[in-house]
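Q: coords please:
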Amino acid sequence: MKKTALITGANKSIGFETAKQLLQQGYKVFIGSRDAGRGEKAVNELKAAGFEDVEAIALEVTDAVSISRAADLLSSKVPHLDVLINNAGIPGTYPQEAGSVSQENLRTVFDTNFFGLIEVTQAFLPLLKQSDAPRIVNVSSDLGSLGFNTDPGSRHYEVKPVAYNSSKAALNMYTVILAYELRDTTFKVNSVNPGYTATDFNNHTGYKTVEEAAAPIVKYATIGEDGPTGKFFSDYGDTPW
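A: Have a look, this model is predicted:
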């Protein structure tokens with residue numbers, strides 16, 4: 001049976017391109033999308049490009065009922081899940097200054113980027129555990145790196161939206177702890193930074209293409225049994241925590 005992958009927030013941008021690259025490697029891919037119509041549109045576009053093993057799954061990562069329904073539905077379709085890519089994320093509203101950011105903004109960003117990611121992961125762990133070689137990729141950002149945030153020489157040193165950066169730093173800690181918890185299994189759990197990519201997320205101001213951004217995500221979603229776990233990567237390799 002083909003290997004299977006679920007990608008949250010995969011109806012557009014980096015998630016969509018990640019789906020395409022996994023399809024090119026022979027995976028059966030489930031497009032997680034909070035809007036069912038947009039998910040189906042993405043599937044139709046991929047099928048028009050010649051890919052057949054792709055389906056849409058309605059999945060709103062901040063809605064417990066939606067997550068549970070998606071997990072039940074996927075369990076009825078496949079005996080195991082080989083890859084979970086937690087790609088869904090939001091930037092929040094700007095500005096996000098540490099001294100004035102609203103609680104509402106903080107909580108909204110964390111609901112998607114951190115709490116929702118954990119709830120999705122927990123819901124699909126039983127199906128992942130049925131795989132011989134389960135992989136989890138948490139899509140992070142170098143803006144969540146404490147190393148870069150404290151290094152005046154880093155590319156994005158002055159970019160410090162507190163809600164977004166903090167949510168990605170928290171996500172990275174979850175990666176470390178989940179990987180440790182699963183250390184005696186065949187799981188590989190890693191954070192991956194796709195880089196500053198031209199998408200709707202940043203009004204297409206990024207310098208990377210979606211193809212370039214998806215490549216490291218796919219790399220660590222498909223690593224072999226001798227691959228790393230509990231690490232933080234970019235396309236150039238290790239990223240400082």
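Q: Report the mean confidence score over stretch 104-118.
A: The average pLDDT within stretch 104-118 is 98.
Q: no wait, stretch 26-44
A: Stretch 26-44 comes out with an average pLDDT of 97.
Q: Now tell me what touches it from outside.
A: Residues from elsewhere that reach stretch 26-44 (Cβ atoms under 8 Å, 6 or more residues apart in numbering): 2-12, 15-16, 19, 22-23, 46, 53-61, 63, 66, 70, 74, 78, 82-83, 88. Every residue, glycine included, has its C-beta placed from N, CA and C.
Q: same thing but 7 Å
A: With Cβ atoms under 7 Å, 6 or more residues apart in numbering as the test, stretch 26-44 has contacts from 2-12, 16, 19, 22-23, 53-60, 70, 74.
Q: count of neighbours near residue 33?
A: When neighbours are counted by other Cβ atoms under 10 Å, residue 33 registers 27.
Q: Secondary structure of residue 226: a helix, I assume?
A: No - counting by DSSP: H, G, I helix; E, B strand; the rest coil, residue 226 is not found in a helix; it is coil.
Q: show me what contacts it?
A: Contacts for residue 226 (Cβ under 7 Å, 6+ apart) come out as none.
Q: What distance do you get for it to residue 174?
A: Distance, residue 226 to residue 174, using Cβ to Cβ, to the nearest Å: 24 Å.
Q: before we move on, what about residue 100?
A: 27 Å.
Q: what's the answer for residue 65, then?
A: Applying Cβ to Cβ, the value for residue 65 to residue 174 is 22 Å.
Q: How about residue 120?
A: Residue 120 is 12 Å from residue 174, where distance means Cβ to Cβ.
Q: The two: which is more packed in?
A: residue 120 (24 against 17).
Q: Buried ones in the longest helix seen in the chain, by neighbour count?
A: Ordering each helix of the chain by length in residues (DSSP state H) puts helix 162-181 first. By neighbour count with 16 or more other Cβ atoms under 10 Å, helix 162-181 contains the buried residues 162-172, 174-176, 178-179.
Q: what kind of secondary structure is the residue located most distally from the centre of the chain in?
A: Distance from the C-alpha centroid of the chain peaks at residue 99, with 29.0 Å (Cα atoms, centre = their mean). Under the three-state scheme (three-state DSSP), residue 99 adopts coil.
Q: Over to residue 65?
A: helix.
Q: Residue 18 versus that one, what's the distance?
A: 26 Å.
Q: In terms of neighbours, single out the busier of the two.
A: residue 18 (28 against 8).
Q: quick revisit: among the contacts of stretch 26-44, which ones are buried?
A: Among the contacts of stretch 26-44, those classed as buried by 16+ other Cβ under 10 Å are 3-12, 16, 19, 22-23, 54-60, 70, 74.
Q: residue ranges with poor pLDDT in this structure?
A: Low-confidence segments of the chain (pLDDT under 70): 197-207.
Q: All the strands of it, residue numbers only.
A: Residue ranges of the strands in the chain, as given by DSSP state E, are 4-7, 28-33, 54-58, 83-86, 135-139, 188-192, 232-234, 237-238.
Q: Report the distance from the last one to the chain centre.
A: The reference is to strand 237-238. From the chain centre to the centre of strand 237-238 is a distance of 17 Å (Cα atoms, centre = their mean, to the nearest Å).
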